[in-house]
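Peer 1: here is my input; please provide its structure:
(chains A and B)
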Protein chains: 2
Amino acid sequence: MPRMNSTKDRLIDDAERLIQRRGFSATSVNDVLAVTGVTKGALYHHFPGKDDLELAVLKRAGEAFLRWLDDVLLGPSPRESLRHFFTCALEHHQREQFVGGCLFGNTALEMSDVSRRHTDYVDGVFREWSNRLETVICAGQRGGQIREDFPAQDLALMVVATIEGGIMLSRLCKNERPLRSCLDSLVAFLWTKETS
Amino acid sequence: MPRMNSTKDRLIDDAERLIQRRGFSATSVNDVLAVTGVTKGALYHHFPGKDDLELAVLKRAGEAFLRWLDDVLLGPSPRESLRHFFTCALEHHQREQFVGGCLFGNTALEMSDVSRRHTDYVDGVFREWSNRLETVICAGQRGGQIREDFPAQDLALMVVATIEGGIMLSRLCKNERPLRSCLDSLVAFLWTKETS
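Peer 2: Got it, this is the predicted structure:
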């Protein structure tokens, strides 16, 4: 893979940091230029419009998130894979001190009624996330580790929704309790009783 | 209670509609003035700053939401109360065609790292919501209808987080499936097996 242009990279880095904390509409092109220290011409050379820079931020973050997910959704059993993912997700947000939250959740809430381009991309990230969970949950159901009275697809959706809501509540009070409690509840919900 | 000033009321109405769809930072004072058709002087007569108008929007919406919650969290049993609330929540978002989502969730994600004033108010709304659920869940636990292996407080938190995540996913794809599926999963999670 060719090495990315470093100005382009820095623009995406800085835009991502601003967008993650403030959102898209509160992050202007001038804000990004001020942080990155490049000219408007240099920015427009790489990104024809603000939307293109924003989509580049989402695309890079989405790819990184799905790679991370593949790394952490691994364990000696489907249950341990899920548990490892839950632990790593909590640790990530603890490290961030519950600032910034989930870029994809933030984008969903800010852009759902505003921009199909942003929304479609983020919808795709959530689907990929959900599909990966579904695969692990299916394997857990086949092995009798995960409850079978719900389709794996619905259980995966529940995991995504609860984690997103838990991140939001923890971000609001800057405390891990809501997210940690939600993850514990998910374990109780997913694990079959007889083998827990 | 004295009748509210109608200009003030209209300003809050219009600001709420804009904020619910676009967020706080993308809604300018001029946007609100353009929709309401009043002068800047009239707006600043009622609200010293943009923040004060935004807080008035949150406060009115928060009070209305908690009154609505008291109305819908009612049934012949704790389970039926919860089920009625779930049904009414889904119907509300169906009527809105999954546009706008939850103002408090939107505020949490947009303002958590930006404004303590907005965040503290919304945190209070989520706590009140959670407390009301906890009361019903406690009653259900005492009657053997709701699982007792988790404190009612944690179960209430799980309900709030999952609904917020479900609303976000349904808003993203403009389809009721995610929210409906999350509510079904919550029922399976909360209800005790032996009596379901």
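Peer 1: contacts and neighbour counts: CA atoms only from here.
Peer 2: Noted.
Peer 1: residues of chain A that sit close to chain B?
Peer 2: Contact residues, chain A versus chain B (CA under 8 Å from any CA of the partner chain): A:21-23, A:25-26, A:99-101, A:105-106, A:108-114, A:119, A:123, A:154-155, A:157-158, A:160-166, A:168-169, A:171-173, A:178, A:181-182, A:185, A:189.
Peer 1: surely A:Leu172 touches B:Ala108?
Peer 2: Yes. Counting by CA atoms under 8 Å, A:Leu172 touches B:Ala108, with 5.8 Å between them.
Peer 1: how about the helices in chain A?
Peer 2: Ranges of helices in chain A, per DSSP state H, are A:6-22, A:29-36, A:40-46, A:50-72, A:78-95, A:103-111, A:116-142, A:152-173, A:177-190.
Peer 1: turn those into JSON lines, columns for mean neighbour count.
Peer 2: Shown next, in JSON lines, are those (neighbours: other CA atoms under 10 Å in any protein chain shown):
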{"stretch": "helix A:6-22", "mean neighbour count": "19"}
{"stretch": "helix A:29-36", "mean neighbour count": "16"}
{"stretch": "helix A:40-46", "mean neighbour count": "14"}
{"stretch": "helix A:50-72", "mean neighbour count": "16"}
{"stretch": "helix A:78-95", "mean neighbour count": "18"}
{"stretch": "helix A:103-111", "mean neighbour count": "25"}
{"stretch": "helix A:116-142", "mean neighbour count": "19"}
{"stretch": "helix A:152-173", "mean neighbour count": "26"}
{"stretch": "helix A:177-190", "mean neighbour count": "20"}
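Peer 1: so which of those gets nearest B:Phe65?
Peer 2: Counting by CA to CA, B:Phe65 lies closest to helix A:152-173 out of the helices of chain A; the figure is 17.6 Å.
Peer 1: pull the CA atoms of the closest one into PDB?
Peer 2: Extracted as PDB, the C-alpha positions of helix A:152-173 are listed here (Å, rounded to 0.1, in the frame of the first residue of the first chain):
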ATOM      1  CA  ALA A 152     -28.300 -14.300  16.600                       C
ATOM      2  CA  GLN A 153     -29.000 -11.200  14.500                       C
ATOM      3  CA  ASP A 154     -31.400  -9.800  17.100                       C
ATOM      4  CA  LEU A 155     -28.900 -10.600  19.900                       C
ATOM      5  CA  ALA A 156     -26.100  -8.800  18.000                       C
ATOM      6  CA  LEU A 157     -28.300  -5.800  17.500                       C
ATOM      7  CA  MET A 158     -29.100  -5.700  21.200                       C
ATOM      8  CA  VAL A 159     -25.400  -5.700  22.000                       C
ATOM      9  CA  VAL A 160     -24.700  -2.800  19.600                       C
ATOM     10  CA  ALA A 161     -27.600  -0.800  20.900                       C
ATOM     11  CA  THR A 162     -26.900  -1.300  24.600                       C
ATOM     12  CA  ILE A 163     -23.200  -0.500  24.200                       C
ATOM     13  CA  GLU A 164     -24.000   2.700  22.300                       C
ATOM     14  CA  GLY A 165     -26.500   3.700  25.000                       C
ATOM     15  CA  GLY A 166     -24.100   2.800  27.700                       C
ATOM     16  CA  ILE A 167     -21.300   4.800  26.200                       C
ATOM     17  CA  MET A 168     -23.600   7.800  25.900                       C
ATOM     18  CA  LEU A 169     -24.700   7.500  29.600                       C
ATOM     19  CA  SER A 170     -21.100   7.100  30.800                       C
ATOM     20  CA  ARG A 171     -20.000  10.100  28.600                       C
ATOM     21  CA  LEU A 172     -22.700  12.200  30.100                       C
ATOM     22  CA  CYS A 173     -21.700  11.600  33.800                       C
END
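Peer 1: correct me, but A:Gly105 touches A:Glu164?
Peer 2: Yes. If you go by CA under 8 Å, A:Gly105 and A:Glu164 touch, sitting 6.6 Å apart.
Peer 1: OK, contacts around A:Arg171?
Peer 2: A:Phe98, A:Val99, A:Gly100, A:Gly101, B:Ala108, B:Leu109, B:Ser112 (CA atoms under 8 Å, 6 or more residues apart in numbering or on different chains).
Peer 1: if we use 10 Å, what do you get?
Peer 2: With contact taken as CA atoms under 10 Å, 6 or more residues apart in numbering or on different chains, A:Arg171 is in contact with A:93, A:96-102, A:165, A:178-179, B:108-109, B:111-113, B:119.
Peer 1: A:Glu54 now?
Peer 2: A:Ile12, A:Ala15, A:Glu16, A:Ile19, A:Phe24, A:Thr27, A:Phe47, A:His118 are the contacts of A:Glu54 under CA under 10 Å, 6+ apart.
Peer 1: nearest to B:Gly41, of the residues you listed?
Peer 2: Looking across those and measuring by CA to CA, the closest to B:Gly41 is A:Thr27, at 28.4 Å.
Peer 1: my guess is the closest one contacts A:Asp51, does it?
Peer 2: No. Counting by CA atoms under 10 Å, A:Thr27 does not reach A:Asp51; the two are 11.4 Å apart.
Peer 1: where does chain A dip in pLDDT?
Peer 2: Residue ranges of chain A with pLDDT under 70: A:1-5, A:194-196.
Peer 1: turn the helices of chain A into CSV, columns for distance to B:Lys59.
Peer 2: Formatted as CSV, the helices of chain A follow (distance: least, CA to CA, whole Å):
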stretch, distance to B:Lys59
helix A:6-22, 22
helix A:29-36, 31
helix A:40-46, 41
helix A:50-72, 32
helix A:78-95, 29
helix A:103-111, 20
helix A:116-142, 29
helix A:152-173, 17
helix A:177-190, 23
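Peer 1: joint contacts of A:Gly105 and A:Glu164?
Peer 2: In contact with both A:Gly105 and A:Glu164: B:Gly165, B:Met168, B:Leu169, using CA under 10 Å, 6+ apart.
Peer 1: so what sits against both of A:Leu172 and B:Ala108?
Peer 2: Common contacts of A:Leu172 and B:Ala108, defined by CA under 10 Å, 6+ apart, comprise B:Thr119, B:Asp120, B:Val122, B:Asp123, B:Phe126.
Peer 1: which residues are in contact with the residue lying closest to the third one once chain neighbours are set aside?
Peer 2: Spelled out, that is B:Val122. Spatial nearest neighbour of B:Val122, excluding adjacent residues (CA to CA, 6 or more residues apart in numbering or on different chains): B:Phe104 at 5.8 Å. By CA under 10 Å, 6+ apart, the contact set of B:Phe104 is B:20, B:58, B:61-62, B:65, B:110, B:118-119, B:121-123, B:125-126, B:164.
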